[in-house]
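Student: with the input below, show me the fold.
(chains A, B, C and D)
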Protein chains: 2
Amino acid sequence: MRLLTQDFVVSDPSSPNPPITAHLAYLLAQANREINRQLDERLRTEGVPVEQWRILKVLSDGNGRSMGDLAEAALLNHPTLTKTIDRMVSDSLVYRISDPNDRRKVLIFSSDRGKALSRRLNSLALSQEAHIVDSYGDKATMQLKRLLENLIESAG
Amino acid sequence: MRLLTQDFVVSDPSSPNPPITAHLAYLLAQANREINRQLDERLRTEGVPVEQWRILKVLSDGNGRSMGDLAEAALLNHPTLTKTIDRMVSDSLVYRISDPNDRRKVLIFSSDRGKALSRRLNSLALSQEAHIVDSYGDKATMQLKRLLENLIESAG
DNA sequence: GAAAAAACATTGAAATTTCAATATTTGAAG
DNA sequence: CTTCAAATATTGAAATTTCAATGTTTTTTC
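Tutor: Alright, predicted model coming up:
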């Protein structure tokens, strides 16, 4: 008799015990880890961690963002972002300006240097994306993105 | 004219510039972050971080694992695992035994205390999984898992 | 079977992240 | 208009993670 994923429920109804690889949380962590590792490898040529790519990418439209907005968009929590921005300011990639409309806020802008770097990182990120589509398939990639968007929507 | 995801290529062939939310790497990071946050919140009641749940879960079959195998299964890199295991040994959740067949290796086993904790964590993780299925849908969850497995397969 | 290479795990220092607390500014309540 | 609560960002200390180097043991090579 072939074992199916669902069968663990039947075999022990009092306390189901699926393998960790059956957990969505695990599969997401594993996939994220792997894709992130690949991306990091490419960005390494510019000496920039993935987090800074996200920050520069979010700022690449030329608009400033408050720390709060930027933290959410770049998927970092607040104190971590503060310290990452400190480093990026040291590297002249971004700068801070106090928001004139609400002086509690600080707006972050990408410098020219930051924008130039962002363009190079953009190429690297796109080439990785292309590589994924290549090996994983166009259809599957689009389908996966759609499902992830829905999950984020329903979970957020 | 409706804008489609693919259109960014057409609008600027020399340097496509999709928003960061169109990148698979970003969507995976975002989804993982959110699901992880939810899981962490539940495991918090037992005072255990997600990483230790993964370790205990992997060890819950009673077999010992070498540090290398465990690192891969629990999605941690080597030195991080060493130090996490140090903490778990201090908490009497796991113990080390030098592998008699290959003395370069160290086998990690779950203690009784670790197994008991693992059972409680298992309930919490399953209830989270149930919650996801509840709001996101059974069909979509299974489909997403399948796609993630394929991605991991093709990327690994 | 000795020497060299590979596999495995750990260590210490450095970098990063997180937690809890703090400071500042704005909005709300009376 | 003053006080209190909420929102925003930062800070310092502590915890964690990472990087490069090290020490064992096993495997390979000659």
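Student: quick one: the helices in chain A?
Tutor: A:7-11, A:24-43, A:50-59, A:67-74, A:78-90, A:112-136, A:138-155 (DSSP state H).
Student: just name the most buried of those helices.
Tutor: Comparing the helices of chain A by mean neighbour count (mean count of other C-beta atoms under 10 Å in any protein chain shown), helix A:50-59 ranks first with a mean of 24. C-beta here means a position set from N, CA and C on the backbone, and glycine is covered the same way.
Student: check whether it comes near chain B.
Tutor: Yes. Legend: contact between helix A:50-59 and chain B by C-beta under 8 Å from any C-beta of the partner chain is shown at A:50, A:54, A:57-58.
Student: let's have those residues in JSON lines, adding distance to DNA strand C.
Tutor: Listed next are those as JSON lines, based on distance: C-beta to the nearest atom of the strand, whole Å:
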{"residue": "A:Val50", "distance to DNA strand C": "9"}
{"residue": "A:Arg54", "distance to DNA strand C": "11"}
{"residue": "A:Lys57", "distance to DNA strand C": "16"}
{"residue": "A:Val58", "distance to DNA strand C": "16"}
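Student: if we can go back for a sec, the helices of chain A: which one's closest to B:Ser118?
Tutor: helix A:24-43 (14.4 Å; C-beta to C-beta).
Student: could I get the average pLDDT for the closest one?
Tutor: Helix A:24-43 shows a mean pLDDT of 96.
Student: ok, and what's touching that helix?
Tutor: Residues from elsewhere that reach helix A:24-43, judged by C-beta atoms under 8 Å, 6 or more residues apart in numbering or on different chains: A:20-21, A:49-50, A:53, A:121, A:124-125, A:127-128, A:131-132, B:24-25, B:28-29, B:31-32, B:35-36, B:39, B:50, B:54, B:75, B:125, B:128-129, B:132, B:141, B:144-145, B:148-149, B:151-152, B:155-156.
Student: with stretch A:54-74 instead?
Tutor: By C-beta under 8 Å, 6+ apart, stretch A:54-74 touches A:48, A:51, A:75-78, A:81-82, A:84-85, A:88, A:93-94, A:97, A:99, A:105-110, A:114-115, A:117-118, A:121-122, A:125, B:17, B:20, B:26, B:29.
Student: and if we set it to 6 Å?
Tutor: A:78, A:81, A:105-110, A:114, A:118, B:20 (C-beta atoms under 6 Å, 6 or more residues apart in numbering or on different chains).
Student: how far does that stretch stretch from one end to the other?
Tutor: 5 Å (C-alpha to C-alpha, to the nearest Å).
Student: grab the nearest non-local neighbour of A:Lys105.
Tutor: Counting by C-beta to C-beta, 6 or more residues apart in numbering or on different chains, A:Lys105 lies nearest to A:Asp99, which is 3.8 Å off, once chain neighbours are set aside.
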